[in-house]
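A.B. asks: Fold the following.
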Amino acid sequence: MCFEDEFMDKQSEIISLYKEAASAKSELLYVYIYNDDSQSLIASAYRVDEKVVGNVKAGVSDEIDNKIYNIITEEIMPELNEICQRYNREIPVVFKYTYNLKTCLLYTSPSPRDRSVS
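C.D. replies: Residues are numbered from 1 along each chain as shown. Presented below is the predicted three-dimensional model:
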């Protein structure tokens, strides 16, 4: 496997956690992650009926949202860091995702290709 594939697999895991928690009425998923050596911030929002709402209004309990946060910070982010180290890449501090729950299209920032060395 190459860097881009491994990096994208981990990003897909993040989206899968939120996708499984989202209600059928959710159209889009937005995820913002800030992660550095001293702190982590993860914010998610959903578009439901043409309005951007938080997790509870989208049908995702705070308990589930907290479990997702813990999985990302305790498992996925360390794995992403290890992948970046193995390929001699810097791990991004900010991740932004927009996932269309209806069409299954994922827009990421940064893109794994953005992290590649030409």
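A.B. asks: Worst mean pLDDT across the helices and strands of this structure, which element?
C.D. replies: strand 105-109 (a mean of 86; mean pLDDT, DSSP states H and E).
A.B. asks: Show me which residues of that one are buried.
C.D. replies: Of all the residues in strand 105-109, those buried under the rule 16 or more other Cβ atoms under 10 Å are Thr108. Using the backbone N, CA and C atoms, a C-beta is placed for each residue, glycine as well.
A.B. asks: Give me the below-cutoff pLDDT ranges for this protein.
C.D. replies: 110-118 (pLDDT under 70).
A.B. asks: hang on, the earlier thing: residues contacting the least confident helix or strand of the chain, please?
C.D. replies: Contacting residues not belonging to strand 105-109 are listed as Met8, Gln11, Ser12, Ile15, Val94, Phe95, Lys96, Tyr97, Thr98, Tyr99, Asn100 [Cβ atoms under 8 Å, 6 or more residues apart in numbering].
A.B. asks: May I ask which two of those are separated the most?
C.D. replies: Using Cβ to Cβ, the contacts of strand 105-109 span at most 20.9 Å, a distance reached by Val94 and Asn100.
A.B. asks: quick one, what contacts the residue most central in space within the chain?
C.D. replies: The centroid of the chain falls nearest to Ile14 when counting by Cα atoms, centre = their mean (4.2 Å). The contact partners of Ile14, by Cβ under 8 Å, 6+ apart, come to Val31, Ile33, Ile72, Ile76, Phe95, Tyr97.
A.B. asks: What segments of the chain are helices?
C.D. replies: Along the chain, counting by DSSP state H, helices occupy 3-21, 62-71, 77-86.
A.B. asks: and those, which is most packed in?
C.D. replies: Most buried of the helices of the chain, by mean neighbour count (mean count of other Cβ atoms under 10 Å): helix 3-21, with a mean of 17.
A.B. asks: hang on, the earlier thing: okay, now the sheet partners of the least confident helix or strand of the chain, with direction.
C.D. replies: Under the criterion DSSP bridges, strand 105-109 sits next to strand 94-100 (antiparallel) in its sheet.
A.B. asks: any idea how far the strand it pairs with is from the chain center?
C.D. replies: Averaging C-alpha positions (Cα atoms, centre = their mean, to the nearest Å) puts strand 94-100 6 Å from its chain's average.
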